[in-house]
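Enquirer: Dropping the sequence and predicted coords here.
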Amino acid sequence: DFGNHPTSHIMQSVPGMHNLVKVVIYCYALSPDHGTTFRSKNAQEAHHFID
């Protein structure tokens, strides 16, 4: 869940904790986009965001 949910809050810090040259981040959305800033930030920072 990439809306206003604890998982989404935690995921916002994940890209900054990794060397993005060595790690590729995939996110798979299991719920519809409700237009939250949490989801859009996660989608922008992941290498691959599958909706």
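Expert: Alright, I've got the coordinates. Numbers count the residues shown, from 1 in each chain.

Enquirer: what sits up against stretch 41-49?
Expert: Contact partners of stretch 41-49, identified using Cβ atoms under 8 Å, 6 or more residues apart in numbering, comprise F2, S8, M11, Q12, P15, L20, V24, I25, Y26, C27, A29. Where C-beta positions appear, they are placed from N, C-alpha and C, glycine not excepted.

Enquirer: Can you tell me the element the nearest residue to the third one once chain neighbours are set aside falls in?
Expert: The one in question is M11. Here the nearest residue to M11 in space, its sequence neighbours aside, is N42; by Cβ to Cβ, 6 or more residues apart in numbering that works out to 5.2 Å. Secondary-structure element containing N42, defined by DSSP states H and E: helix 37-45.

Enquirer: So which bits of that helix are buried?
Expert: The neighbour-count check on helix 37-45 (16 or more other Cβ atoms under 10 Å) flags F38, R39, N42, A43, E45 as buried.

Enquirer: Of these, just say which sits nearest to D51.
Expert: Top of the list for closeness to D51, among those and by Cβ to Cβ, is A43 at 8.1 Å.

Enquirer: Distance-wise, check that closest one relative to S13.
Expert: Taking Cβ to Cβ, to the nearest Å as the measure, A43 and S13 are separated by 15 Å.

Enquirer: What of K41?
Expert: When Cβ to Cβ is applied, the distance between K41 and S13 equals 11 Å.

Enquirer: One more: R39?
Expert: Distance, R39 to S13, using Cβ to Cβ: 15 Å.

Enquirer: Closest to the centroid, which residue in this structure?
Expert: In the chain, the C-alpha nearest the mean C-alpha coordinate belongs to N42, at 2.8 Å (Cα atoms, centre = their mean).

Enquirer: before we move on, the earlier item: distance check, the residue nearest to M11 against A29.
Expert: 9 Å.

Enquirer: residues shared between the contacts of those two?
Expert: Here N42 and A29 share the contacting residues F2, F49, scored by Cβ under 8 Å, 6+ apart.
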